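Trainee: Show me how the following folds:
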Amino acid sequence: MTRAAHILSARHPLPLRWLRVPLLLATVGLSCVCIAVGAQALDRSTQLENSIRQTAMNTGAVITFDMNDIKSTTIVLTLVACLLAIVSFVSSTALIYDWLARLLAPQRDSASGAKARSLDSDDEKAHMAPPAPLPFSTRTLRIQTIALVFLSVWLLAVLIPSTLFSRTRSAHLNIQQRSSSHSPVFVDPVYWDYGFLRCLAAAPWFSLVFSAPASAVTWVAWKYSPTTLTN
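Mentor: I've put the predicted structure just below:
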């Protein structure tokens, strides 16, 4: 056996597991935070519009308060965070299951090794045994990498306009006072003046902080994963 072949055969069937598990679990948790922040922003935006509509009815004014730009990006952001949480959860669960299965089955591996040593060392007989399949989390590393990279890039593409909208834009506001007997209506259209939109501009970035390295580590694990399982 050549040195290169020996190195390939010595690769662990669960490559970079010590890095992948915490990064994937952190991505799951922070994606859930991103989902919660997005859902809160959508709910509070709807409440704000309803409150302004009720104020307009009470004062006899006609108020147009349009937040469609920030609401549209928030919907997409929440959707991407949901998909990222699902992919990260499935990937981490499969990896933890395969890792535990390998750790909790030393007797099976020892028995397999003893049985293999008891067989004749003839090369023809050795080649008759088919290679054991790799763990599910290793066989699907390519799919995991593609999904994580795609969702991380998509998340970044949504986070940039979402943050810019929250920081620099205002709602489209138009107030027409029909009666002079009521006091003037004041509505703040600036997004940054609302706490839930400031939170929307900051919190989801932490999900990207972990999903990006999780994607990179998963890619490296895929590139250096073994082709067959060795005991």
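Trainee: From what I see, residue 173 and residue 189 are in contact.
Mentor: Yes - judged on C-beta atoms under 8 Å, residue 173 makes contact with residue 189 at a distance of 4.1 Å. Every C-beta, even on glycine, is put in place using the N, C-alpha and C of the backbone.
Trainee: Now for those two: what residues contact both?
Mentor: Residues within reach of residue 173 and of residue 189 at once, by C-beta atoms under 8 Å, 6 or more residues apart in numbering, are residue 65.
Trainee: What ranges does this structure have for its strands?
Mentor: Assigned by DSSP state E, the chain shows strands spanning 61-66, 172-177.
Trainee: Looking at those strands, which is nearest to residue 133?
Mentor: Nearest to residue 133 among the strands of the chain is strand 61-66 (56.1 Å), distances taken as C-beta to C-beta.
Trainee: Packing partners of that closest one?
Mentor: With contacts taken as 3 or more C-beta pairs under 8 Å, 6 or more residues apart in numbering; DSSP states H and E, strand 61-66 sits against helix 17-59, strand 172-177.
Trainee: about what we covered before: buried deepest among the strands of the chain, which one?
Mentor: Sort those by mean neighbour count, taking mean count of other C-beta atoms under 10 Å, and strand 61-66 sits at the top with a mean of 15.
Trainee: Give me the sheet partners of it and which way each runs.
Mentor: strand 172-177 (antiparallel) (DSSP bridges).
Trainee: on that earlier part again, how about JSON lines for the strands of the chain, with mean pLDDT added?
Mentor: Below are the strands of the chain laid out as JSON lines (pLDDT from 0 to 100):
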{"stretch": "strand 61-66", "mean pLDDT": "80"}
{"stretch": "strand 172-177", "mean pLDDT": "79"}
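Trainee: closest one to residue 138 among the ones you listed?
Mentor: strand 61-66 (50.1 Å).
Trainee: so where is the chain shaky, pLDDT-wise?
Mentor: By pLDDT under 70, the weakly predicted segments of the chain are 1-10, 106-132, 177-185, 227-231.
Trainee: again, only this time at 50
Mentor: 1-10, 111, 114, 116, 119-120, 122, 124-126 (pLDDT under 50).
Trainee: Spell out for me which residue occupies the centre of it.
Mentor: residue 84 (2.7 Å; C-alpha atoms, centre = their mean).
Trainee: Mind listing what's buried along stretch 65-82?
Mentor: By neighbour count with 16 or more other C-beta atoms under 10 Å, stretch 65-82 contains the buried residues 65, 67, 69-71, 73-74, 76-78, 80-82.
Trainee: Stretch 28-44 too?
Mentor: Per 16+ other C-beta under 10 Å, stretch 28-44 contains these buried residues: 28-32, 34-35, 37-38, 40-42, 44.
Trainee: and that stretch, how far from the chain's centre?
Mentor: 12 Å (C-alpha atoms, centre = their mean, to the nearest Å).
Trainee: repeat for stretch 163-178
Mentor: In terms of C-alpha atoms, centre = their mean, the centre of stretch 163-178 is found 31 Å from the chain centre.
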